[in-house]
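here is a sequence together with a model predicted from it:
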Amino acid sequence: MKRFEADPILMNADEQPIVDWVNLPTGAVELSLWDTLHDGDLIAIKSDLMTQTLTLTFDVGYVRKFHKLPEATRFEVLVGGVQSVRSASSVPWPGGCFIPPETPNEEQNRIIAEYHSKWREDSLSWADFERLIDKGFEVSNASLAYGASGVALRLVLLVGNDSCVEAFIRGETVSFLIGEQQLTPEEFIALGEAYWAAFASRGASN
């Protein structure tokens, strides 16, 4: 199996640093996986301490259907040489978020942003994180960081439509598979980009 091992690409001085990642690979550069994984479901997590691997299995229905892939096709991300995993949950501020009727959109966004700023991040054991999969994980965001010393994944997941968790995985290599086919990170991202480009084109023609 081919594996993606990052070249030692250093971050340019004018690039923004990746915020709130712990122990990132040296000189890490970020690739967004949002286009392919956003709104997909994380349906399985397989950790193997003996082989130092971690496999994440996703079901991304809209990308699968757009590319006319078989119904059983799953998207897998395999991290090899796993060095660390961590997770955290976001605990809502108990004061709630009240938006008065007929509030303009801009003001609604401000109120919501202020509410979210009061949420607290709590640490979560990896075992507890894996158990949450029974409630259902929906991908809100996903990123891959790579550098001279390895790779890292960051996932932002909605849990059962009522809470949010983040997961961070660091290892030596990462592989992307669609069904039995292995893809480069760029090819994996391009699957989602093609869908969103077609989506935007349909919107523009209406």
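Perfect, I can see it now.

closest to the centroid, which residue in this structure?
For the chain, the residue sitting closest to the mean C-alpha position, by C-alpha atoms, centre = their mean, is residue 142 at 2.0 Å.

any chance you could map the strands in the protein?
Under the criterion DSSP state E, the chain contains strands at 29-32, 41-48, 53-59, 75-80, 84-91, 120-124, 137-147, 150-159, 163-171, 173-178, 181-183.

rewinding a little: residues contacting the closest residue to the residue nearest to the centre of the chain other than its chain neighbours?
In space, not counting the residues next to it along the chain, residue 142 is nearest to residue 33; the distance is 4.0 Å by C-beta to C-beta, 6 or more residues apart in numbering. (Glycine included, C-beta is placed from N, CA and C.) With C-beta atoms under 8 Å, 6 or more residues apart in numbering as the criterion, the residues that contact residue 33 are 142-144, 188-189, 192.

who does the residue nearest to residue 133 when sequence neighbours are not counted bridge with?
Spatially, and ignoring its direct neighbours in sequence, residue 133 is nearest to residue 45 (6.1 Å; C-beta to C-beta, 6+ apart). Counting by DSSP bridges, residue 45 is bridged to residue 56.

in this structure, where's the longest helix?
Ranked by residue count, the top helix of the chain under DSSP state H comes out as helix 185-205.

which residues touch the residue nearest to the centre of the chain?
Applying C-beta under 8 Å, 6+ apart, one finds that residue 142 lies in contact with 32-34, 37-38, 153-156.

out of those residues, which are buried?
33-34, 37-38, 153-156 (16 or more other C-beta atoms under 10 Å).

hmm, back to that, what number of residues lie near the residue nearest to residue 133?
Residue 45 is surrounded by 19 other residues when neighbours are defined as other C-beta atoms under 10 Å.

isn't it right next to residue 58, touching?
No: in this structure, residue 45 sits apart from residue 58 without contact. The criterion is C-beta atoms under 8 Å, and the distance is 10.5 Å.
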